[in-house]
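Asks: Task: produce atomic coordinates for the following.
(2 chains)
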2 protein chains.
Amino acid sequence: MKVYYECGACFLRQSKDAMDLATDDDVLKLELIEEILDFLAKNFNEGASSNKLGSAVHRIIKEKTNCDDPYYKEKIIGNKIALEFLPKIQKLLEKDNTLENYIKIAIVGNILDFGALGLDFNPQNFILSNLKKKLAINDIDKLKKAISNHNRLLYLADNTGEIVFDKLLIEKLREFGLEITVALKEKPILNDACLEDALDVGLNEIANLTTIGTDSVGIVYEEASEEFRKIFDSHDFIISKGLGNYEGLTEIDLENKDVFCLLCVKCSAIAKDIDLEEKDNVLLKL
Amino acid sequence: MKVYYECGACFLRQSKDAMDLATDDDVLKLELIEEILDFLAKNFNEGASSNKLGSAVHRIIKEKTNCDDPYYKEKIIGNKIALEFLPKIQKLLEKDNTLENYIKIAIVGNILDFGALGLDFNPQNFILSNLKKKLAINDIDKLKKAISNHNRLLYLADNTGEIVFDKLLIEKLREFGLEITVALKEKPILNDACLEDALDVGLNEIANLTTIGTDSVGIVYEEASEEFRKIFDSHDFIISKGLGNYEGLTEIDLENKDVFCLLCVKCSAIAKDIDLEEKDNVLLKL
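Replies: Residues are numbered from 1 along each chain as shown, chains lettered A, B, ... in the order given. Here you go, the predicted structure:
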């Protein structure tokens, strides 16, 4: 995805959030904002990739603050809360065990921000109302067709916490005989899931795990490791979670791959890009 | 006030808001964000004045969008709603007609954002709870002393809507025999009150009205008109409303002037600068 004008304010807001988590040194934070403004002045132009810029900004913050994982606590809490919710969610899936319901649960995982919502948040009503909500784009038939046409799936994970919900969908997808590889981030970026977060929730028990070889916001093909690029190239069926991966995949020539994005439209830029409203939930074939 | 690191994200957020009010042209908005990032990369440095940068950013937006008053509708609604509330507020002042209560009412005016809160908002509970709140800094004795030591007062206004509440305080201050001049903005900036907004609520009936001769966020001495600078220089007693004026006044050598700031601490940068908490209300002698 190319940057929209709204991304400017969002990059600075995200930078402030990440800095506040990474350091208490206000002098350093002022220097950092200056450096980020310089970087964006040079690189925030029509046609720039939104997730490339976002990745670069977060790397500047991590390097300068000497904090390689600003969202460390948030991620641990994210997995913990998601695991606590798991029994309730499994009950909901017992009542409706269609693939579409598993898809919706995985999207709800993308909406819930466990770090932000805190330990006291009771998500049951939230989850129930979102499961009742119609998907604004629902390419479930195309997804079913892809499932029957392929025997291997590459699953691009997004946030920690959310991966607990992804695990349910991945287990469901395995029933169709798919061999599934889940791609995590190599190094921390935002609250995205890394290998250790995936091990924490036992994703290794049901899928092959790999990393994209770097810490980009979503996929940036040329920044991924050679190993991951080989995995990516060899898969013709991809399920992608969240905004960052959508931003990245829309910048890659996907040739004839069957690529499906599961996400909640959390910002106006993505809403414009998909031609939808904010807060819409989608299962979209790219 | 010098810029804090938090101001970076705030400038971009404010820019987005102002642009969204000024134009629907997304291509132009992207160009504008690029221009604002360039401007900030060059000028957002340690020691820069926060309100000078803010003024420049809003001028870029007004000039490029060819919209000289993005907050036009918001301002009209602001005055309208404030005037509708007036009888309720007058009743509260009948119960407690001390100077301190008038001061608190004027500060509540700075908290209420009529444009944002909309026509349906019932402010009574909000006002009552804020009047009960202790001022975090309360230089009322110094203010009373200044009132008895001076016979002329310069009152620096802030937002449209809020000026309805200022009028009540100005009427109260006139009981002490002060000749009062209220300074408005010469041209629109944010939802700040201009001359026509002041006339709209009848401020001219109780005070001399003037403008600062420009459209800066708060006072920037060297950008004000010569006429206003003469007025400013000739007054040794000033009451200033809101954040922008605080940001500006703290950049001016005030010599031995008695300058009082009435404001609600609406952001973390101002909170740090005054060494207070966000949401604190203050009557502060500079």
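Asks: List the contacts of the residue of the stretch 151-286 of chain A found nearest chain B.
Replies: Nearest to chain B, among the residues of the stretch 151-286 of chain A, is residue A:272, at 7.8 Å (Cβ to the nearest Cβ). Yep, even glycine has a C-beta here, placed from its N, CA and C like the rest. Contacts for residue A:272 (Cβ atoms under 8 Å, 6 or more residues apart in numbering or on different chains) come out as A:4, B:26.
Asks: Let's see the pLDDT reported for it.
Replies: Looking at residue A:272, its pLDDT stands at 96.
Asks: any idea how far it is from residue A:1?
Replies: Using Cβ to Cβ, to the nearest Å, we find residue A:272 at a distance of 10 Å from residue A:1.
Asks: what do you get for residue A:165?
Replies: 24 Å.
Asks: These two: which has the busier surroundings?
Replies: Neighbour count, other Cβ atoms under 10 Å in any protein chain shown: between residue A:165 and residue A:1, residue A:165 has more, with 26 against 21.
Asks: contacting residues around the closest residue in space to the more buried one that isn't next to it in sequence?
Replies: Ranked by Cβ to Cβ, 6 or more residues apart in numbering or on different chains and with sequence neighbours excluded, the top spatial neighbour of residue A:165 is residue A:109, at 3.1 Å. Shown in contact with residue A:109 (Cβ under 8 Å, 6+ apart): A:82, A:159, A:161-166, A:241.
Asks: Looking at those residues, which one is closest to residue A:197?
Replies: residue A:163 (6.5 Å; Cβ to Cβ).
Asks: now for the helix or strand harbouring that closest one, which elements pack on it?
Replies: Taking DSSP states H and E as the criterion, residue A:163 maps to helix A:162-174. When contacts are defined as 3 or more Cβ pairs under 8 Å, 6 or more residues apart in numbering or on different chains; DSSP states H and E, helix A:162-174 sits against helix A:72-95, helix A:99-111, strand A:152-156, strand A:179-184, strand A:237-241.
Asks: what's in contact with that helix?
Replies: A:78-79, A:82-83, A:85-86, A:89-90, A:93, A:97, A:99, A:102-103, A:105-106, A:108-110, A:112, A:147, A:153, A:155, A:157, A:180, A:182, A:193, A:197-198, A:201-203, A:206-207, A:239, A:241-242.
Asks: again with stretch A:7-26
Replies: So stretch A:7-26 is in contact with A:29, A:32-33, A:36, A:40, A:44, A:50, A:53-54, A:57-58, A:61-62, A:65, A:67, A:70-71, A:74, A:190, A:267, A:269, B:4-6, B:8-9, B:11-13, B:15-16, B:33, B:36-37, B:272, going by Cβ under 8 Å, 6+ apart.
Asks: now the residues you listed: which count as buried?
Replies: Among those, those scoring as buried are A:29, A:32-33, A:36, A:40, A:44, A:50, A:53-54, A:57-58, A:61-62, A:65, A:67, A:70-71, A:74, A:190, A:269, B:4-6, B:8-9, B:11-13, B:15-16, B:33, B:36-37, B:272 (criterion: 16 or more other Cβ atoms under 10 Å in any protein chain shown).
Asks: For chain A, list the residues in contact with chain B, please.
Replies: Residues of chain A lying close to chain B by Cβ under 8 Å from any Cβ of the partner chain are A:3-6, A:8-9, A:11-13, A:15-16, A:19, A:26, A:29-34, A:36-38, A:40-42, A:44-46, A:272.
Asks: Now, the residues you listed that are in strands?
Replies: Using DSSP state E, no member of the residues of chain A next to chain B falls in strands.
Asks: what ranges do the strands span in the stretch 151-286 of chain A?
Replies: A:152-156, A:179-184, A:208-211, A:237-241, A:258-264, A:281-285 (DSSP state E, counting those that start in this stretch).
Asks: and those strands, which is most packed in?
Replies: Of all these, strand A:237-241 has the most neighbours on average by mean count of other Cβ atoms under 10 Å in any protein chain shown, namely a mean of 25.
Asks: Which elements pack onto that strand?
Replies: helix A:99-111, helix A:140-149, strand A:152-156, helix A:162-174, helix A:242-249, strand A:258-264.
Asks: For the fourth one, give the mean pLDDT please.
Replies: Spelled out, it's helix A:162-174. Here the average pLDDT along helix A:162-174 is 96.
Asks: Same list (the strands of the stretch 151-286 of chain A) but as a markdown table, adding mean pLDDT and distance to residue B:233.
Replies: Converted to a markdown table, the strands of the stretch 151-286 of chain A look like this (pLDDT from 0 to 100; distance: least, Cβ to Cβ, whole Å):
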| stretch | mean pLDDT | distance to residue B:233 |
| --- | --- | --- |
| strand A:152-156 | 98 | 64 |
| strand A:179-184 | 98 | 65 |
| strand A:208-211 | 98 | 65 |
| strand A:237-241 | 98 | 63 |
| strand A:258-264 | 96 | 57 |
| strand A:281-285 | 97 | 61 |
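Asks: who wins for proximity to residue B:252 among those?
Replies: Of the strands of the stretch 151-286 of chain A, nearest to residue B:252 by Cβ to Cβ is strand A:258-264, at 48.5 Å.
Asks: For residue A:172, give its distance to residue A:180.
Replies: Taken as Cβ to Cβ, the span from residue A:172 to residue A:180 is 11 Å.
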